[in-house]
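Chemist: let me see the structure of the following:
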Amino acid sequence: MLEWIKGHFNKLHQLQLNTTVTDREGKNIGLADGFEHYIEAALATRERHGKIMFVGNGGSAGIASHLAIDHSKNGQLPSMAFSDASAITCLSNDYGYEHVFSKQIEYHGRKDDLLVAISSSGKSVNILNAVAAARKLGCRVITLAGFDRANPLNKLGDANFYVDSKEYGFVEVSHLALGHSMLDYIIETQDQASESEHHALLAAVE
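Modeler: Numbers count the residues shown, from 1 in each chain. Next up, the predicted model:
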């Protein structure tokens, strides 16, 4: 059992470290540059008084909600997830499930916003429609996908994070870890900046 556990977590570790990140033209930009792109996009969105919008289905909806609240509460990055049951059932009934996110983006999105689209398969029509709606408004887009590297979502973002696995568990856990790690970096650098400002203020007073 211990060997299985070690193998499982080692595989998860390698999948996260070997995440492929491409730009809108499909060029591989590397994981570090992908992190920098995400962080720059998130901070620029806040500076323009925009918000980060997270969308996903099923487990990815849970990830979207988790990241939205943590970005808002811990990162001071205004964020929201479009996973409210009443909204989803209403819009599914009126427009079809393929439009549950795109309609909400039409209602709430602005050109200074950032969309983070999460889909393990990268083929969910409602997620692809969400990206189209965000692009129509002029929003920036980050995607997180898995399964087949040639999935359509993996070509639509300004930065596209791809986890090379066909297993939901590995892909979903990796997506959450990637989102959280980029947020953690933002939080750490903000804390360091605040501490430096505090020390500079104390030095000036002395």
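
Chemist: list the contacts of the residue most central in space within the chain.
Modeler: Closest residue to the average C-alpha location of the chain: residue 116 at 4.0 Å, with Cα atoms, centre = their mean. Contacts for residue 116 were tallied using Cβ atoms under 8 Å, 6 or more residues apart in numbering; they are 52-55, 64, 67, 141-144, 179. The C-beta positions use only the backbone N, C-alpha and C, and glycine is treated the same way.

Chemist: and if we set it to 7 Å?
Modeler: 52, 54, 142 (Cβ atoms under 7 Å, 6 or more residues apart in numbering).

Chemist: doesn't residue 174 make contact with residue 16?
Modeler: Yes. Residue 16 is within contact range of residue 174, at 5.0 Å (criterion: Cβ atoms under 7 Å).

Chemist: looking at those two, which is more packed in?
Modeler: Neighbour comparison, residue 16 and residue 174: the larger count goes to residue 174, with 25 against 17 (by other Cβ atoms under 10 Å).

Chemist: roughly how far apart are the residue nearest to residue 42 when sequence neighbours are not counted and residue 25?
Modeler: Using Cβ to Cβ, 6 or more residues apart in numbering and skipping residues adjacent in sequence, the residue nearest residue 42 is residue 77, 5.5 Å away. According to Cβ to Cβ, to the nearest Å, residue 77 and residue 25 sit 27 Å apart.

Chemist: these two: which is more packed in?
Modeler: residue 77 (23 against 7).

Chemist: so the more buried one makes contact with residue 71?
Modeler: Yes. With contact defined as Cβ under 7 Å, residue 77 reaches residue 71; the gap is 4.4 Å.

Chemist: now for those two: what residues contact both?
Modeler: Both residue 77 and residue 71 are contacted by residue 52, under the criterion Cβ under 7 Å, 6+ apart.

Chemist: coming back round to it: give the bridge partners for the residue nearest to the centre of the chain, please.
Modeler: Beta-bridge pairing of residue 116 under DSSP bridges involves residue 54, residue 142.

Chemist: tell me how far it lies from residue 13.
Modeler: 23 Å.

Chemist: go on, residue 110?
Modeler: For residue 110, the distance to residue 13 - Cβ to Cβ - is 38 Å.

Chemist: residue 162 too?
Modeler: 17 Å.

Chemist: quick one: which of these two has more around it?
Modeler: residue 162 (26 against 12).
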